[in-house]
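**Q** Pasting a predicted model and its sequence here:
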Amino acid sequence: MPALGREVVMSKRGVQRMVLWFRNDLRLHDNVIVDKARRSVASGECKEVLPLYCFDPRMFESSEYGSQNKTGVHRTKFLMESVSDLRQRLRDLGSDLLVAHERPEVVIGELVDANSGTAVLAQKEVTSEETLVEANVEKAILSRNDASSLELIHGATLYNRQDLPFRLSDLSNVFTPFRNKVESRCEVRGLFPEPEKGDLPLGQAASLPAVQKLRGDIPSFESILPGMQIPLFDQRAALDFSGGETAARRRLKYYLWESDLLATYFETRNGMVGGDYSTKFSPWLAHGNLSPRLIYHEIKNYESKRVANKSTYWVIFELIWRDFFRFFCEKHGNKVFLPGGTAGRRPDWRNDKEALRRWKKGSTGMPLVDANMREMAATGFMSNRGRQNVASFLALDLKLDWRLGADHFESLLLDYDVCSNWGNWVAAAGMTGGRINRFNIAKQSKDYDADGTYLRLWLPELSKVPTKYIHKPWEMPRSVQEASECIIGEDYPFPVYKPPVWDKNNRQSNGKKKPYRGYYEKSKGGRNNKKSNYDLYG
């Protein structure tokens, strides 16, 4: 039996058929499984290539933490667009994408040739639910034909896993040592060539009934999420996201070459309104519509032809953060999902269903939290700055189990990927053993939305509140509330919780403002040196 999770070298006699099981790698450019199939066909080893995507029903079930759907309406729409775009791009090459609404282990077993070897190629995933599916698929393949194999290849990161200058078990639990090592001792590999017309032939397999039934219409939104409707575009949204490799490459071209926004990314990345303050690459990265290596090489090309500065580097820096969380999750396994995180702490989380409900609905009485939560619910997107604040508020101020927040994000976000989401949340909750980074929400609001533009955009009940009070509306005198048509406790809620330290830490003893973004707590035995936060989402 092939070793699950390692690339398996094909035998010299080759295989008649290859199944390309697309997962979170919905693209043709710089795709390791696509390139391996292309080379196998070119060498004469393989005659039939069957690209496949499965809408796994388990992805859309309710979660153990209470979310109605693990994959909600916004990401389902984006995913369907991504699959549709990939199918069209394959058809343009004379191939096709087989699409099923079924568990992969059921579908792939039916595509394995019972009489000759079939190689099933897929991108390796690293977390428990995904690796369980891989094990089920391998069992289905071998039960059909023990001469067949599942070949799992790492292909989601900027730096190739095989090029890491240390064993995975030696990966630092802190980002900076990881970054220093990979930047000084690793090189980003070149891109795999894109397939051309005829490179991925369906061959005689195209006539098989099991293949023909998967070449029909893509499953409907209603069949995937029964009782749910495709979400309409909200005019307040940061961007009108559309799934697929075509849209992803269009955004990359726009952000770098057409607008030169890359050159000012570092200065604008903490914005919260509009489409241009940050790259917005994250939904396409999460679905594999866009290769991190393509972004890297395009930036290097931009640097050679336009400008190289802190902004151009900082986007690469964010891609390295993305790598870190993937390797971090692979190293720690299920510890990432435990209440005490990878540090094995024993936190005493509160059980306050009303506070959780208000956090999810954007009715905490904390404008910055509420605006961000409403934006995510309406659009599936939230800025990096927002994510840090709402996570800090849930876990460190309300002291609710951080996994409830991670689960809610998993359901709603367009750009959800398991490692970035759960890795960021376990870190935000202070469950990785590093410094606990606790934010002063009111001060963050003043620092990054000084005139209240973002708050008024998503909290119409505060639209007439003077800027002086927009960040702390509970401090409005009654007369100002009446003039603003916003009575606290009626039109907008009282704060569900307001840490007294927010007021104390806003000023030093001499009355001057402190020059920091929030306030921080040391973990035991650790230093509280500042570090950058993961900004790729924003």
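**A** Done, it's in.
**Q** how much space is there between the nearest residue to residue 458 once chain neighbours are set aside and residue 70?
**A** Of all residues not flanking residue 458 in the chain, residue 371 sits nearest, at 3.9 Å (CB to CB, 6 or more residues apart in numbering). Placement of C-beta: from N, CA and C, glycine included. Shown here: residue 371 relative to residue 70, a distance of 25 Å by CB to CB, to the nearest Å.
**Q** okay, these two: which has more neighbours?
**A** The neighbour count for residue 371 versus residue 70, taken as other CB atoms under 10 Å, is higher for residue 371 (25 against 19).
**Q** how close does that one sit to residue 479?
**A** Note on residue 371: its distance to residue 479, by CB to CB, is 25 Å.
**Q** picking that back up, report pLDDT for the residue nearest to residue 458.
**A** For residue 371, the pLDDT comes out at 98.
**Q** correct me, but it touches residue 362?
**A** Yes. Judged on CB atoms under 8 Å, residue 371 makes contact with residue 362 at a distance of 7.1 Å.
**Q** Overlap of the contact sets of the two?
**A** Taking CB atoms under 8 Å, 6 or more residues apart in numbering as the criterion, residue 371 and residue 362 both touch residue 458.
**Q** Could you give the number of residues near residue 492?
**A** Neighbour tally, residue 492, other CB under 10 Å: 21.
**Q** Quickly list what it is bridged to.
**A** Residue 492 has the following beta-bridge partners by DSSP bridges: residue 488.
**Q** That one and residue 481, how far apart?
**A** 9 Å.
**Q** What of residue 74?
**A** Counting by CB to CB, the gap from residue 74 to residue 481 is 35 Å.
**Q** for residue 331, same thing?
**A** Counting by CB to CB, the gap from residue 331 to residue 481 is 52 Å.
**Q** Which positions within the strand or helix carrying residue 297 qualify as buried?
**A** Secondary-structure element containing residue 297, defined by DSSP states H and E: helix 292-305. Across helix 292-305, burial judged by 16 or more other CB atoms under 10 Å covers 292-299, 302-303.
**Q** relative orientation of the top helix by length along the chain and helix 292-305 in degrees?
**A** In the chain, assigned by DSSP state H, the helix with the most residues is helix 310-332. Helix 310-332 and helix 292-305 meet at an angle of 160 degrees, taking axes from the mean of the first three to the mean of the last three CA atoms, to 10 degrees as the criterion.
**Q** and helix 310-332, average pLDDT?
**A** 98.
**Q** how about that helix as CSV, C-alpha atoms only?
**A** What follows is helix 310-332, C-alpha atoms only, in CSV (Å, rounded to 0.1, in the frame of the first residue of the first chain):
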residue,chain,number,x,y,z
LYS,A,310,8.5,47.8,1.7
SER,A,311,5.1,47.5,0.2
THR,A,312,6.1,45.0,-2.5
TYR,A,313,8.0,42.9,0.1
TRP,A,314,5.1,43.1,2.6
VAL,A,315,2.8,41.1,0.3
ILE,A,316,5.4,38.4,0.1
PHE,A,317,5.7,38.6,3.9
GLU,A,318,2.0,37.8,4.2
LEU,A,319,2.4,34.8,1.9
ILE,A,320,5.1,33.5,4.3
TRP,A,321,2.6,34.0,7.2
ARG,A,322,0.2,31.8,5.2
ASP,A,323,2.9,29.1,4.8
PHE,A,324,3.6,29.3,8.5
PHE,A,325,0.1,28.5,9.6
ARG,A,326,-0.2,25.6,7.2
PHE,A,327,3.0,24.0,8.5
PHE,A,328,2.0,24.9,12.1
CYS,A,329,-1.2,23.0,11.7
GLU,A,330,0.5,20.0,10.1
LYS,A,331,3.0,19.9,13.0
HIS,A,332,0.4,20.1,15.8
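**Q** Now that helix: buried residues?
**A** Applying 16+ other CB under 10 Å to helix 310-332 flags 311-312, 314-332 as buried.
**Q** next structured bit after it?
**A** helix 353-361.
**Q** Mind listing residues that contact that following helix?
**A** Contacts of helix 353-361 (CB under 8 Å, 6+ apart): 364-365, 369, 373, 377, 390, 393-394, 398, 400, 404-405, 408, 493, 496-497.
**Q** Of those residues, just say which sits nearest to residue 91.
**A** residue 377 (35.6 Å; CB to CB).
**Q** Could you measure from the closest one over to residue 390?
**A** Going from residue 377 to residue 390 by CB to CB gives 12 Å.
**Q** And the two? Which one has more around it.
**A** A count of neighbours by other CB under 10 Å puts residue 390 above the other of residue 377 and residue 390, at 28 against 18.
**Q** On the three-state scheme, the more buried one is what?
**A** helix (DSSP: H, G, I helix; E, B strand; the rest coil).
**Q** Tell me the predicted confidence for it.
**A** 98.
**Q** Do I have it right that it meets residue 405?
**A** Yes. Residue 390 lies in contact with residue 405 (CB under 8 Å); the separation is 7.5 Å.
**Q** For the chain, which segments count as strands?
**A** 17-22, 48-54, 98-100, 118-123, 149-153 (DSSP state E).
**Q** and those strands as a markdown table, adding distance to residue 354?
**A** Output for the strands of the chain, formatted as a markdown table (distance: least, CB to CB, whole Å):
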| stretch | distance to residue 354 |
| --- | --- |
| strand 17-22 | 42 |
| strand 48-54 | 39 |
| strand 98-100 | 42 |
| strand 118-123 | 42 |
| strand 149-153 | 44 |
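**Q** OK, contacts around residue 127?
**A** By CB under 8 Å, 6+ apart, residue 127 lies in contact with 329-330, 333, 336, 418-419, 422.
**Q** got it, and residue 271?
**A** Residue 271 is in contact with 277-278, 383, 385, 448, 538, counting by CB under 8 Å, 6+ apart.
**Q** ok, what's across the strand from residue 18?
**A** residue 49, residue 119.
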